[in-house]
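Student: show me the folded form of this:
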Amino acid sequence: MGVAELLLFTHRLPTRDAAIAFAGARVPVFPCTRGEKRPLTSAGFHDASCAIGQVEEWWARWPNANLGIPTGSASGIDVVDVDAKGASGSGFPTFERAAAAGLVDGELARVRTPSGGLHVYFPAMPSRPQRCWQAAVAHIDFRGTGGYVIAPPSVLATDHGRIAYRLCSVSSAHTKPVDAGALREFVDPRQALPRPHTAKPPPAGPPDPNRLAGWVGRLREGERNAGLFWAACRLAEAGFPPDAVTSALAPAAASAGLADAEIATTIRSASRQASATPPGPPGSRQTPPGPWSAHSSPPRRTGDTRCLP
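Tutor: Residues are numbered from 1 along each chain as shown. The predicted structure is shown next:
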C-alpha cells in the first residue's frame, strides 16, 4: 500500500491505529506531543520506526500523541508546504503560479493543515535525496530528507480550537517526484543563489565552548541548524553533559535566530547521537550515526535548514 492509499485508509482512524498501519506498510513513524508538532522522543524524527512493537509501545505511553512521518529518503515522500498566515501573507498565489508553470504536477495527495495551509505530498527520489528548504518570502517550504510532517488524523491546538489535519484529495493520475531545486528557484530566485559561507570554522583541537558559541552566533539562515548540531556534537563527544552544552551554545543559537524549541531538539539529538557512539581505540576517530560529528568538517552553507512542520 502506497502513502496515498495509506492516507486514504487512515485519515479517520485514531492516531494509534494510523501509526500502526503506516509502520506495517514500512513507512516509519514517531509520536509528537498532543496538539503540537514537537516530537516526544529524544531524537525526534531520527527515532522514527517501522517496528510495530515500538510503535505500539509509544502510543501505549502517549495514547493521544500526534503522528509524525519523516520526509525524504526515510519514508519515500517529499512534501511541499504552502503556508497561510493571514495578514502576514499566503503561499497559495505563488503555488498556483508554480502549478501553471508545471513545477508541482505529479502529486500523491493533498492535506489541509490546521492553520489553513496545505501539504502537497510527492514521491521521493531514492537515488537523489532532496534536502529541506524554506522560502519565507514566498510562504512555501519544502520537506525532504532531514525533515518531517505531522500527518492526519493528528490535531493541533490553535487560537480557534483543536483542528485536525484533513485529507483533501488523493491523486489517481500519474505521480512523479517534484524538482525541489527548480521549485525553489521559481518561488524565490534570490534565496536560490549560492552565497559564500561567512562563519569561519573554529580551529582543530579540543573543543572550546566559548569559541564554538561565537562561531554558532555568526551562522546565517541556512547554516544555523546543521552548524548548531555540529558544534553540539563536538562538545558532547568531548564529555560535556547536555545541560552544559545547552548553557554554552543555546544563547548563541538564539542570537543567530533559532527558536528555543528548535535549539533544544537539536542539542538533544546531538547529545543522544554522541552518547551512542562506541568508544574506539586510542587515537581512533569514531563517527556517531547522523550527518555531522565532532570529527567531520562543519557543514558548508547550501541553503538547507532542518525543517519543523
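Student: going by C-alpha atoms from here, please, whenever you check contacts or count neighbours.
Tutor: OK.
Student: check which residues of stretch 254-274 are buried.
Tutor: Within stretch 254-274, the residues that count as buried by 16 or more other Cα atoms under 10 Å are 254, 256, 258, 262-274.
Student: from those residues, which shows the smallest pLDDT?
Tutor: The lowest pLDDT within the buried residues of stretch 254-274 belongs to residue 256, with 74.
Student: give me the nearest residue to it, chain neighbours excluded.
Tutor: Nearest residue to residue 256, sequence neighbours excluded (Cα to Cα, 6 or more residues apart in numbering): residue 217, at 5.0 Å.
Student: is it true that that neighbour touches residue 255?
Tutor: Yes: in terms of Cα atoms under 8 Å, residue 217 counts as a neighbour of residue 255; the distance is 6.1 Å.
Student: now, which of the buried residues of stretch 254-274 sits nearest residue 80?
Tutor: residue 262 (20.4 Å; Cα to Cα).
Student: need the contact list for that closest one.
Tutor: For residue 262, the contact set (Cα atoms under 8 Å, 6 or more residues apart in numbering) is empty.
Student: wait, is it part of a strand?
Tutor: No: Residue 262: not assigned to a strand; according to DSSP: H, G, I helix; E, B strand; the rest coil it is helix.
Student: and stretch 62-70, how far out from the chain's middle?
Tutor: Offset of stretch 62-70 from its chain centre (Cα atoms, centre = their mean, to the nearest Å): 15 Å.
Student: got the contact list for that stretch?
Tutor: Residues outside stretch 62-70 that contact it (Cα under 8 Å, 6+ apart) are 15-16, 18-19, 27-37, 39, 45-46, 48, 59, 75, 145-155.
Student: give me the buried positions along it.
Tutor: Buried residues in stretch 62-70, counting neighbours by 16+ other Cα under 10 Å, are found at 62, 64, 65, 66, 67, 68, 69, 70.
Student: gap between the residue most central in space within the chain and residue 189?
Tutor: Closest to where the C-alpha atoms of the chain average out (Cα atoms, centre = their mean) is residue 147, at 2.1 Å. As for residue 147, its distance to residue 189 is 22 Å (criterion: Cα to Cα, to the nearest Å).
Student: pretty sure residue 171 is one of the things residue 8 touches, is it not?
Tutor: No: if you go by Cα under 8 Å, residue 8 and residue 171 don't touch, sitting 10.6 Å apart.
Student: would you map the strands across the stretch 151-300 of the chain?
Tutor: For the stretch 151-300 of the chain, strands defined by DSSP state E, counting those that start in this stretch occupy the ranges 155-158, 161-164, 166-170.
Student: give the buried residues for the longest one.
Tutor: In this case it means strand 166-170. Residues of strand 166-170 classed as buried: 166, 167, 169, 170 (neighbour count, 16+ other Cα under 10 Å).
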